[in-house]
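A.B. asks: Pasted the sequence and its predicted model underneath.
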Amino acid sequence: MTGLTAARRKAKARKGIFRELYETFRDGDAGTRLSFLVMGFGSLVKGQVIKGLLYLASQALLVWYLAGFAWQYLRKLGTLGDVGMQRVWSEERQIFVRTPGDNSLLILLFSVLSIMVVLGFLALWRANIRSAYRAQRLKQQGKRLPTFADDIKSMLDERFHLSMLTMPSLMVVAFTLLPTIFMILLAFTNFDQAHQPPGNMFTWVGLDNFRNLFGGHPLIANTFGKVFGWTMAWAVLATFTNYLLGMVVAIMINNKGIKLKAMWRTIFVVTIAVPQFVSLMLMSQILHDQGPLNALLKQFGFIEQSIPFLTDTATARLTILVVNLWVGIPYTMLITSGILMNIPKDLYESASIDGASPARMFFSITLPYMLFVTTPYLITAFVGNINNFNVIFLLTRGGPMVTEYYQAGKTDLLVTWLYRLTVDRQDYSLASTIGIFVFVISAGLSLLVFNLSGSSRREEEFQ
Amino acid sequence: MKKLLSLALVLSLALTMALPAFAAAPAKLKVWGAQDDQAILQEMVESFKAAHPDVAVEVEFGVVGEPDAKTKYLEDPAAAADVFAFAGDQLMDLVAAGALYEVTLNREAIEAANSPGSIEAATINGTLYAYPMTADNGYFLYYDKSVISEEQVKTLDGILEAANAAGQKVMMDVSNGWYIASFFLGAGGKLGLDAEGNQTCDFNNERGVAAGEAIKAFTANDAFMTGDVNTMLPGSMGDTIAAGVAGTWLAEGIQAKLGDNYAATKLPTFTMAGEQVQMASFAGYKLMGVNSLTEYPEEAMALAEWFTNEENQIKRFETRALGPANSNAAASEAVKANVALGALAEQSAFAVPEKDVRGNYWTPAEAFGTTMEAKDYSKDVKTLLDEMVAAITAK
């Protein structure tokens, strides 16, 4: 039974929605045909009263929603508002009485919401037609129609997945999908500090923001290129230094000659116990120009001038990498030591019988094995580093700032630059454009590297 | 049964998540103020209710400090406070976003009661947009009397000489747009707005470049020191730091540290192309504004006016040592006896309103200061200032 419906459903899906709708209309009786216009009509005339009424109610609800709420926003989606805030002097009250104008932000937000509601409704509309047609067919075949109680039962039985997943899916749409689409759309508007609701309106500008970012606005484009370059350099360096050094630490602890293995491992893991942002803020204080470290070095007479750990381009970049090592190594150590213990010992034994040096064994056995297993982890770490807001923001806040950049500093990543553009400058459209670019880069690289990696292509070889 | 149960669970979970969105907002006024001001704001509301029995208000407080008010407001203007305190430099951005209700009720009385500078800082194109609350958001010079004489403190050169002789430092956070501006503004530089409200800046003209050279010389001096004034000055003045530029919020800490050697005065003059030029400063006022989207404009205005009247400005001075913008309150003996506020008043003659400064200014100005502090001379001052001005005036 289930197998049959599944097969039929598949066959239907292959036909395409429009063809299915056309055939239903062609073969349908009056009740089915009228269901195209009045939802639930087909069910109602065939005696499925509750179901029919529910469909009808949903249609009424949509009309009420569109007319009472959504239409005032949807009709302005093209311009994102044309009437600004109005103020009229009231002699009696001695104040400017305001009538709120169009709020571009709300127009955009509620329009996106309404379009999603309408799409959801269309799915319901299609279900209504199908249900009417099914009822018609069952009646023609002289079979009993499912009652409302039967439908409810099926919702708890063979269609239980629908009942379970409807609410969560709606939540995902409302709290994840809707904001994402909304933010992406901002990239095509001029929502910046000169176009701030509620006093001002913003509007569509097409691809202007993308053009500015890629050369149209020399200052922004130049900053974007430089910041992007450092972001990539940082992501590569931070990922691989952490990975290699974490592995080296794990190997050293795993080494036969090392005593008190558990203690060493625990000491490293203790740094994880302190929340990362606390360690980072402490580090930023310690490494400050007048911080304790510089004061100490001066007192011991090692240096005369403070070392600009966080205020000189090259030093700051190096400092960030080193501090990142300090917070990151324990994690890689934990991950890799588990895998290291899994490498078959006989590989090493035969290698040492053949007279291989430890270095040779590392490069020919350990590293290939590790890379094979941990490529997906490396990809995640790399993407995480592209967006590693914490380390940069808490240590240097993107500084040292330079005059040749547009609102950015030498250690700014795209994501921290984006933060400054939104929080300090309310330059939302540009920030959204950068956000889209970061997403494309992270998603593109992840897919590419993962598909080329051994982990995905030679899965069966994994032992 | 199990299935029913899990379904009910998922539904109730989903509902609890969605519920808060439907809770209706009660009709009342929301007030934003700094964390430290919460208690006195509460008291002021009580006295407001006592003084206006005919006005029914229900006040809800939110903790948003003056420096963050603009950012928090613009995140969601409709959900922002009806009455909120903000730093004077945010006025232009807020007005440009249409955020503030024009002050039209009792305008003349408010203008008469507060100092002309504070009124100017709250006025744009002849319209008063906010209520002056404090006049202490500026900066001046703290110094150690035992190291620097009253004669030496008049010039930057004298201060540096005294500090060098004592092996101590002079602290100024030059990599901060707020402080570094004092050189450029002193040299006659102008930060302004064009017709569309975009930032204009002439810090790269001939006098600006001369001021830039003076900054370069200052930062290159052995006695020069930069960093976080908020921790360094109360911690090290009297030990390793002889003088520092900061505002009244540090007065208590520095006075405690320096004891009898505690002194404060206006900023010194600096040597620019052979002449002595007085360092200017930003005149910082804290203002109180009414949200243009408020449902109860009259009540909100009455409350904002109450928060900033003479009595409550004195209250602010007495409980938190915040300098009053109200002329009568500022003329009181207690305020005059306050060394830090006295120095600020002296400096106010050379102060420039901050309202024409938009968000674009700060990062590029910080960048120039950072380059000078790092003694990175790979580009000359003129080139750096050209780049800085280009970034400030971009778009």
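C.D. replies: All right, it came through fine.
A.B. asks: domains of the chain?
C.D. replies: The chain I'm using is chain A. Annotated domains of chain A cover A:2-206, A:209-461 [automatic domain parsing].
A.B. asks: Wait, chain B was what I had in mind.
C.D. replies: If you go by automatic domain parsing, chain B breaks into B:28-136+B:284-348, B:140-283+B:358-392.
A.B. asks: at contact distance from chain B, anything in stretch A:389-408?
C.D. replies: Yes. Using CB under 8 Å from any CB of the partner chain, stretch A:389-408 comes into contact with chain B via A:G399, A:P400, A:M401, A:V402, A:T403, A:E404, A:Y405, A:Y406, A:Q407, A:A408. Every C-beta, even on glycine, is put in place using the N, C-alpha and C of the backbone.
A.B. asks: tell me the secondary structure for the fifth one?
C.D. replies: Three-state call for A:T403 (DSSP: H, G, I helix; E, B strand; the rest coil): coil.
A.B. asks: circling back: can you list the residues of stretch A:389-408 next to chain B in TSV and add pLDDT and neighbour count?
C.D. replies: Shown next, in TSV, are the residues of stretch A:389-408 next to chain B (pLDDT from 0 to 100; neighbours: other CB atoms under 10 Å in any protein chain shown):
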residue	pLDDT	neighbour count
A:G399	77	23
A:P400	86	25
A:M401	86	29
A:V402	85	27
A:T403	84	24
A:E404	86	20
A:Y405	88	24
A:Y406	87	26
A:Q407	86	26
A:A408	88	28
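A.B. asks: on that earlier part again, using CSV, please lay out the domains of chain A together with distance to B:K375.
C.D. replies: Listed next are those as CSV, based on distance: least, CB to CB, whole Å:
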stretch, distance to B:K375
domain A:2-206, 34
domain A:209-461, 9
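A.B. asks: Looking at the residues of stretch A:389-408 next to chain B, spot the one nearest B:E366.
C.D. replies: A:M401 (4.8 Å; CB to CB).
A.B. asks: what sits against the closest one?
C.D. replies: Counting by CB atoms under 8 Å, 6 or more residues apart in numbering or on different chains, A:M401 touches A:A408, A:G409, A:K410, B:S175, B:T363, B:P364, B:E366, B:A367, B:T370.
A.B. asks: Mind listing the residues bridging to it?
C.D. replies: A:G409 (DSSP bridges).
A.B. asks: Nearest to chain B: which residue in chain A?
C.D. replies: A:G199 (1.5 Å; CB to the nearest CB).
A.B. asks: which residues sit in contact with the residue nearest to that residue when sequence neighbours are not counted?
C.D. replies: Spatially, and ignoring its direct neighbours in sequence, A:G199 is nearest to B:G98 (1.5 Å; CB to CB, 6 or more residues apart in numbering or on different chains). B:G98 sits next to A:M85, A:Q196, A:P198, A:G199, A:N200, B:S292 when contact means CB under 8 Å, 6+ apart.
A.B. asks: Does the fourth one touch B:D93 like I think?
C.D. replies: Meaning A:G199. No. Here A:G199 does not reach B:D93: they are 10.8 Å apart, not a contact under CB atoms under 8 Å.
A.B. asks: more neighbours, these two?
C.D. replies: B:D93 (23 against 20; other CB atoms under 10 Å in any protein chain shown).
A.B. asks: Tell me which of the domains of chain A sits nearest to B:E46.
C.D. replies: Per CB to CB, nearest to B:E46 of those: domain A:2-206, 25.6 Å.
A.B. asks: On the three-state scheme, A:P146 is what?
C.D. replies: Assignment for A:P146 (three-state DSSP): coil.
A.B. asks: what does the one 5 residues further on give?
C.D. replies: Each residue gets one of three states, and A:D151 gets helix by three-state DSSP.
A.B. asks: Out of the contacts of A:M401, give me the two with the largest separation.
C.D. replies: Taking CB to CB, no two of the contacts of A:M401 sit farther apart than A:A408 and B:S175, at 15.0 Å.
A.B. asks: helix or strand for A:N390, which one?
C.D. replies: helix A:389-395 (DSSP states H and E).
A.B. asks: just checking, the residue of chain A closest to chain B is part of a helix?
C.D. replies: No. Going by three-state DSSP, the assignment for A:G199 is coil, not a helix.
A.B. asks: And it, its phi and psi?
C.D. replies: phi -70, psi -30 (degrees, to the nearest 10).
A.B. asks: now it: how far from A:T79?
C.D. replies: 17 Å (CB to CB, to the nearest Å).
A.B. asks: One more: A:P308?
C.D. replies: A:P308 is 51 Å from A:T79, by CB to CB.
A.B. asks: of the two, who's got more company?
C.D. replies: A:P308 (22 against 13).
A.B. asks: which element is the nearest residue to that one once chain neighbours are set aside on?
C.D. replies: Nearest in space to A:P308, with sequence neighbours left out and distances taken as CB to CB, 6+ apart, is A:T315 at 5.5 Å. Secondary-structure assignment from DSSP H and E places A:T315 in helix A:313-342.
A.B. asks: And A:L296, by the same measure?
C.D. replies: Going by DSSP H and E, A:L296 is part of helix A:292-299.
A.B. asks: now swap in B:A85 and tell me
C.D. replies: Going by DSSP H and E, B:A85 is in strand B:83-87.
A.B. asks: just to revisit the earlier point, three-state assignment of the residue nearest to A:G199?
C.D. replies: coil.
A.B. asks: per-residue pLDDT, the residue of chain B found nearest chain A?
C.D. replies: Using CB to the nearest CB, the point where chain B gets nearest to chain A is B:G98, with a distance of 1.5 Å. Note on B:G98: pLDDT of 84.
A.B. asks: For the residue nearest to A:G199, give me phi and psi.
C.D. replies: On the backbone of B:G98 - angles per degrees, to the nearest 10 - the values are phi 70, psi 30.
A.B. asks: sorry, back to before: so which of the contacts of A:M401 comes closest to B:Q278?
C.D. replies: Closest to B:Q278, out of all of the contacts of A:M401 and judged by CB to CB, is B:S175, at 22.3 Å.
A.B. asks: re the thing from before, as TSV, the domains of chain B with distance to A:R265 would be great.
C.D. replies: Compiled in TSV, the domains of chain B are given as follows (distance: least, CB to CB, whole Å):
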stretch	distance to A:R265
domain B:28-136+B:284-348	42
domain B:140-283+B:358-392	37
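A.B. asks: Would you mind listing where the chain has pLDDT under the threshold?
C.D. replies: Looking at chain A here, since you left the chain open. Filtered on pLDDT under 70, chain A yields the residue ranges A:1-15, A:454-463.
A.B. asks: wait, chain B
C.D. replies: For chain B, the ranges with pLDDT under 70 are B:1-27.
A.B. asks: helix or strand for residue 379, which one?
C.D. replies: If you meant another chain, say so; for now it's chain A. Here A:I379 is assigned to helix A:367-386, by DSSP H and E.
A.B. asks: was after chain B, sorry
C.D. replies: Counting by DSSP H and E, B:K379 is found in no helix or strand.
A.B. asks: Quick check: A:A187 touching A:I436?
C.D. replies: Yes. A:A187 lies in contact with A:I436 (CB under 8 Å); the separation is 5.5 Å.
A.B. asks: Compare those two and say which one has the larger neighbour count.
C.D. replies: A:A187 (23 against 18).
A.B. asks: Need phi/psi at the more buried one.
C.D. replies: Per degrees, to the nearest 10, the backbone of A:A187 is at phi -60, psi -20.
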